[in-house]
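J.: Next one to model:
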Amino acid sequence: MFWTRETPAPTLPRAVVVHSLEHATAALSAAAALDQPITVISPHNAGSIIGPGFFAELVRQARATVPTATAVALLDCQTAAGRAMAAVHGGMCDGVIYTGRYETFLKLADIAMEKGMTMLDHRPEALDLWQRQDIEATVTAWLSRS
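T.: Residues are numbered from 1 along each chain as shown. Predicted coordinates for the structure are as follows:
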């Protein structure tokens, strides 16, 4: 499914921005301990900076380390249509954030829907874990907020 700012998505689980495997694993551990789902988002433009494959592998390893966690993984490609296309075609994550041309967004969204992926034209509210201390406790507090 795809959603825009004008047609918001059904509520995604609370989201965190992860910058490393350590962040992703700690976030999933906190979510599993609370028995809550979580949305894991790549940093801004990670589709171009680290690539879809790297982010997919990071999420795969975190999920393998914490198999009891339920997580949605979103790759931010900003305006990089080629990277977004690679992520969608490769099924490398659960969804893609693409903020480029709307016509391109709609084309990508059609393909994403066929693959059961989420497509967003904006970043959802999220806790950025960059330079945070005690990641698991920080994520636990974030997920516990009402």
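J.: And stretch 127-136, end to end?
T.: Stretch 127-136 has an end-to-end distance of 12 Å (criterion: CA to CA, to the nearest Å).
J.: Show residues contacting that stretch.
T.: 14-19, 22-23, 26-27, 29-30, 43, 138-139, 142 (CB atoms under 8 Å, 6 or more residues apart in numbering). C-beta: built from backbone N, CA, C; applies to glycine.
J.: Could you rerun that using 10 Å?
T.: 14-20, 22-31, 33, 40-41, 43-44, 138-143, 145 (CB atoms under 10 Å, 6 or more residues apart in numbering).
J.: quick one: it to chain centroid distance?
T.: On the basis of CA atoms, centre = their mean, to the nearest Å, stretch 127-136 is displaced by 16 Å from the centre of the chain it belongs to.
J.: Quick check: buried residues in that stretch?
T.: 127, 129, 132, 135-136 (16 or more other CB atoms under 10 Å).
J.: CSV for those, including distance to Glu103, pLDDT and secondary structure?
T.: Output for those, formatted as CSV (distance: CB to CB, whole Å; pLDDT from 0 to 100; DSSP: H, G, I helix; E, B strand; the rest coil):
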residue, distance to Glu103, pLDDT, secondary structure
Leu127, 32, 97, strand
Leu129, 34, 98, coil
Arg132, 38, 94, coil
Ile135, 39, 97, helix
Glu136, 42, 97, helix
